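> coordinates only, sequence not included:
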């Protein structure tokens with residue numbers, strides 16, 4: 001699924017790397033816990049999270065996520081978005097909860113990373 005499709009499904013606003021919205025993600029997962037994010041098989045996936053820190057961006061880069069969606073309308077500080085831009089990680093924000101956002105993506109064909117999330 002393309003990131004621009006995810007944007008539309010989640011009625012999300014793009015906060016960084018709008019020029020990379022044609023990237024494809026193969027799966028998705030949601031977590032606010034860094035250790036869960038790092039232990040996942042994330043290469044080429046989408047992360048849904050409520051964590052809006054620089055550490056989350058660094059963790060996402062290490063884990064290989066293709067994009068991040070902040071849920072519950074949480075907006076990060078500009079320095080967080082600058083870091084995401086430096087790593088070429090598209091970041092979006094949606095007003096949906098993690099539960100609703102996950103469900104909407106699942107109903108539209110995006111599946112989980114490995115079933116353990």
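Okay, I see it. Just so we're clear, the structure is a prediction, and the values are computed from it rather than from any experiment.

> where does the chain dip in pLDDT?
35-41, 113-117 (pLDDT under 70).

> the same query, at a cut-off of 80, please.
Residue ranges of the chain with pLDDT under 80: 32-42, 113-117.

> which residues of it fall in helices?
3-9, 34-39, 54-63, 78-86, 98-107 (DSSP state H).

> reformat the ones you listed as TSV; add distance to residue 17 and mean neighbour count.
Every C-beta, even on glycine, is put in place using the N, C-alpha and C of the backbone. Shown next, in TSV, are the helices of the chain (distance: least, C-beta to C-beta, whole Å; neighbours: other C-beta atoms under 10 Å):
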stretch	distance to residue 17	mean neighbour count
helix 3-9	9	19
helix 34-39	19	15
helix 54-63	12	18
helix 78-86	6	16
helix 98-107	19	16
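
> tally of neighbours for residue 23?
A total of 18 residues lie near residue 23 under the criterion other C-beta atoms under 10 Å.

> excluding covalently adjacent residues, which one is nearest to residue 45?
Spatial nearest neighbour of residue 45, excluding adjacent residues (C-beta to C-beta, 6 or more residues apart in numbering): residue 27 at 4.7 Å.

> ok, the one you found - contacts?
By C-beta atoms under 8 Å, 6 or more residues apart in numbering, residue 27 lies in contact with 44, 45, 46, 110, 111, 112, 113.

> from those, which is closest to residue 92?
Ranked by distance to residue 92 (C-beta to C-beta), the contacts of residue 27 are led by residue 46 at 9.5 Å.

> and that closest one, bridged to which residues?
Assessed by DSSP bridges, residue 46 has beta-bridge partners residue 28, residue 67.

> so it makes contact with residue 65?
Yes. With contact defined as C-beta atoms under 8 Å, residue 46 and residue 65 form a contacting pair (6.7 Å).

> residue contacts, the spatially closest residue to residue 55 that is not a sequence neighbour?
Closest residue to residue 55 apart from its sequence neighbours, by C-beta to C-beta, 6+ apart: residue 34 at 6.7 Å. Contact analysis of residue 34 by C-beta under 8 Å, 6+ apart lists 51, 55, 56, 59.

> alright, that wraps it up for me.
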